[in-house]
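Novice: Structure, please.
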Amino acid sequence: MTKDVGGGGSGTPKLRRRKHSNEIPAEVTKPNGGALLVNDRNKYKSMWIRTYSTLWMIGGFAFIIYMGHLYICAMVVVLQILMAKELFNLLRKVREDRDLPGFRLLNWHFFFTAMLFVYGRFLSQRLVNTVTLDKVWYKFVGILIKYHMVICYFLYIAGFVWFILTLKKKMYKYQFGQYAWTHMILIVVFTQSSFTVANIFEGMFWFLLPASLIVINDIAAYLFGFFFGKTPLIKLSPKKTWEGFIGASIATIISAFLLANFMGQFEWLTCPRTDLTTGWLQCDPGWLYKPEYYQLPGWISNLLPWKTIPIMPVQWHALCFGLFASIIAPFGGFFASGFKRAFKIKDFGDSIPGHGGITDRMDCQMVMAVFAYIYHQSFVKPQSLSVDTILDQILVNLTFEEQLDLYRKLGEILHQKTFGLL
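Specialist: Got it, this is the predicted structure:
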């Protein structure tokens, strides 16, 4: 006589599949599970959880901003590692990993090799400026920078050879799938988010403003959708509405204009960081942060106590950031939503209550960081060579003896020109 396990009619035991914590629950497929926020019966409970987590994140973020550039970079690195961990685990199969000891370590080898390459490119000049006064460190750093690409290349080749040597019969498909998945993470996630570090050192303004606009857009879209959302926006995100999208766009553009004026008043936010120290910054912020006065039309000036309005030139650039953050950057979130649906998961993780994982919060930020960097390099940063740029190249690419030789030759040329004019 066979025992009926699981309540079925046959004697064959039924195996229960264990549901992962971030897997889409069954109720999402039901009518109320995909309801708009305005019709969601549990919306106030989820709103409180989301608000509580948001306040903690904003508070922690403000404290790190106060601490300075290096602490912000450290925060970015930690977030990148947590994002990589979430995504590595997404396609991980425990049984296969158990049969491939050390294989998971290979993913992190590629990750930190990419980190060394990207950050080395961004921060090499700042590192030189930090150790200029110490001859030993200056020479050592000079060698590292000179052979930076070679070091990174051979680290990557070492990982490539390591991968080939670990190939195991009957597991080729899984191993090559993991290899491709790792490189996709590096290209799509890590490379994009690394532009954030470059923005930080160009001036904290160019990091903080774009990042803040994404947060404002996300909160405004949630609130407008929460109270007024009636018209679905896109099938990939069932709870996104046109009302939330349009309301958030208007709020983000206005916020961009006002925030740029507020942030532009602080040297701590506008001065670029040219080294890797943590001291207070002082500089001439430049014409971008010096207000220009515009005459108000007569009918407006009659209603207001002032006749002119001060506007910083950087505020016009901020409007472009607001447009991008409200119209284009949300598609990073839509992409992530489609990706999660393809793998049938609700969130990339559960590390942030009410928000999901780190990757769920960084999808739009990555798109925005790349835009901010490209926009700054193309339309804001001076394209012509300056004295500081030439000096930076001399300090990085010439040895101390070559610098002395250049100094002597420049002295001779200037001496000849001076006497020629006399």
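Novice: Contact partners for the closest residue to Q125 other than its chain neighbours?
Specialist: Excluding its sequence neighbours, the residue lying closest to Q125 (Cβ to Cβ, 6 or more residues apart in numbering) is D392, at 5.4 Å. (Each C-beta comes from the backbone N, C-alpha and C, glycine too.) Shown in contact with D392 (Cβ atoms under 8 Å, 6 or more residues apart in numbering): 125, 128-129.
Novice: What subset of those is buried?
Specialist: Buried members of the contacts of D392, counted by 16 or more other Cβ atoms under 10 Å: 125, 128-129.
Novice: Now, these that are in strands?
Specialist: Judged by DSSP state E, strands contain none of the buried ones among the contacts of D392.
Novice: mind putting the residues you listed in a markdown table, pLDDT and distance to I81 included?
Specialist: Below are the buried ones among the contacts of D392 laid out as a markdown table (pLDDT from 0 to 100; distance: Cβ to Cβ, whole Å):
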| residue | pLDDT | distance to I81 |
| --- | --- | --- |
| Q125 | 84 | 25 |
| V128 | 85 | 26 |
| N129 | 84 | 27 |
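Novice: Check which element follows the helix or strand Q178 falls within along the chain.
Specialist: Using DSSP states H and E, Q178 sits in helix 172-184. Note on helix 172-184: by DSSP H and E, the next helix or strand toward the C-terminus is helix 191-201.
Novice: Please identify the buried residues of that following helix?
Specialist: Those would be 192-201, for helix 191-201 by 16+ other Cβ under 10 Å.
Novice: Stretch 79-98 now?
Specialist: Buried, per 16+ other Cβ under 10 Å, within stretch 79-98: 79-88, 90, 96.
Novice: just stretch 103-120 next, same as before
Specialist: Applying 16+ other Cβ under 10 Å to stretch 103-120 flags 103, 106-107, 109-111, 113-115, 117-120 as buried.
Novice: Including distance to G159, could the buried ones among the contacts of D392 go into TSV?
Specialist: Supplementary listing: the buried ones among the contacts of D392 in TSV, determined by distance: Cβ to Cβ, whole Å:
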residue	distance to G159
Q125	27
V128	28
N129	31
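Novice: Please produce JSON lines containing the buried residues of helix 191-201, extended by pLDDT and distance to L276.
Specialist: Shown next, in JSON lines, are these (pLDDT from 0 to 100; distance: Cβ to Cβ, whole Å):
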{"residue": "Q192", "pLDDT": "81", "distance to L276": "23"}
{"residue": "S193", "pLDDT": "80", "distance to L276": "20"}
{"residue": "S194", "pLDDT": "85", "distance to L276": "16"}
{"residue": "F195", "pLDDT": "90", "distance to L276": "18"}
{"residue": "T196", "pLDDT": "92", "distance to L276": "16"}
{"residue": "V197", "pLDDT": "91", "distance to L276": "11"}
{"residue": "A198", "pLDDT": "91", "distance to L276": "14"}
{"residue": "N199", "pLDDT": "93", "distance to L276": "16"}
{"residue": "I200", "pLDDT": "94", "distance to L276": "11"}
{"residue": "F201", "pLDDT": "93", "distance to L276": "9"}
